[in-house]
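3D model of this:
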Amino acid sequence: MEDLSLVFEKLCEQRSVKPSKQITSMLRGRSSMRLVELDLSSVYLAKNAFEPLADLVAFCNNLRTLNLAYSGMENDSMNALVPTLTEHPSLTSLNASHSELSFPSAKALLQMVKDNPNYVELCLDATDVSAAYVERINMQLELNRRHEVPQKHLEFDTGGQDG
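Residues are numbered from 1 along each chain as shown. From the prediction side, this is the model:
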C-alpha cells in the first residue's frame, strides 16, 4: 500500500510544484485503491497545483467523487484537469461549484460528460457558466444515468457568443 501523500509529493516534485501541505495532510495514510472520494472543497489550490492534482486523480483508479468547490479553480485550471477527468475509469461525480469557470470550461465539461458516460453528477453552482450550457450538461448527465448515447441535439453552437 503506497501512501498517497508520498505519491502526491513525488508528482508535485516532477512538475516542480510545491506540494500543498493541506492536501498532503489529507492524503497521509490513504491508499489509491481505497480512495473513492477526494474532497478538496475549500482548499485553495494555486494555478500550478492542478497539473499534479490531475496526475494524482489519474493514479487513483477507484476514485468516484471529486469535490473542488471553493478551490480557486479557473478555466486554465479546469483545462489541466479535463483530459484526465475524461479518461478516468471510475469518476461519476465532480463538484466544481463556486469557481471562476465560464464558457471555455463549460464547453470542455459538456464534451467530457459526453465522452465519459460514467459521469452522472456535475455541480457548477455559482460559476459563470451560462444557464443554457448548464442545461445541456444536465441533459447529457440524465442520458448518462439512463445509459443512453450522446445526442447530437445537445451540441451547442454559440456563434462565438458565451451561450
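
Which helix runs longest in the chain?
The longest helix of the chain (DSSP state H) is helix 131-145.

Of all the residues in that one, which ones are buried?
Across helix 131-145, burial judged by 16 or more other CB atoms under 10 Å covers 133, 134, 136, 137, 139, 140, 141, 143, 144. C-betas here are computed from N, CA, C, even on glycine.

Pipe these into a markdown table and attach pLDDT per row.
Converted to a markdown table, the buried residues of helix 131-145 look like this (pLDDT from 0 to 100):
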| residue | pLDDT |
| --- | --- |
| 133 | 96 |
| 134 | 98 |
| 136 | 97 |
| 137 | 98 |
| 139 | 97 |
| 140 | 97 |
| 141 | 97 |
| 143 | 95 |
| 144 | 96 |
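
Nearest to residue 88 among the residues you listed?
residue 144 (13.8 Å; CB to CB).

Now do the same contact list for the closest one.
113, 117, 118, 119, 120 (CB atoms under 8 Å, 6 or more residues apart in numbering).

Output the below-cut-off pLDDT ranges for the chain.
Counting by pLDDT under 70, the chain has low-confidence residues at 1, 148-163.

For it, which segments count as helices?
Secondary structure of the chain (DSSP H): helices located at 4-14, 21-27, 50-59, 75-87, 103-115, 131-145.

how many neighbours does residue 22 have?
If you count neighbours by other CB atoms under 10 Å, residue 22 ends up with 13.

Oops, could you answer that again for residue 89 instead?
Residues near residue 89, counting by other CB under 10 Å: 10.

Pull the contacting residues for it.
Counted by CB under 8 Å, 6+ apart, residue 89 has contacts 61, 118.

same thing but 6 Å
residue 61 (CB atoms under 6 Å, 6 or more residues apart in numbering).

Any idea how far apart the tips of stretch 85-95 sit?
Terminal residues of stretch 85-95 are spaced 12 Å apart (CA to CA, to the nearest Å).
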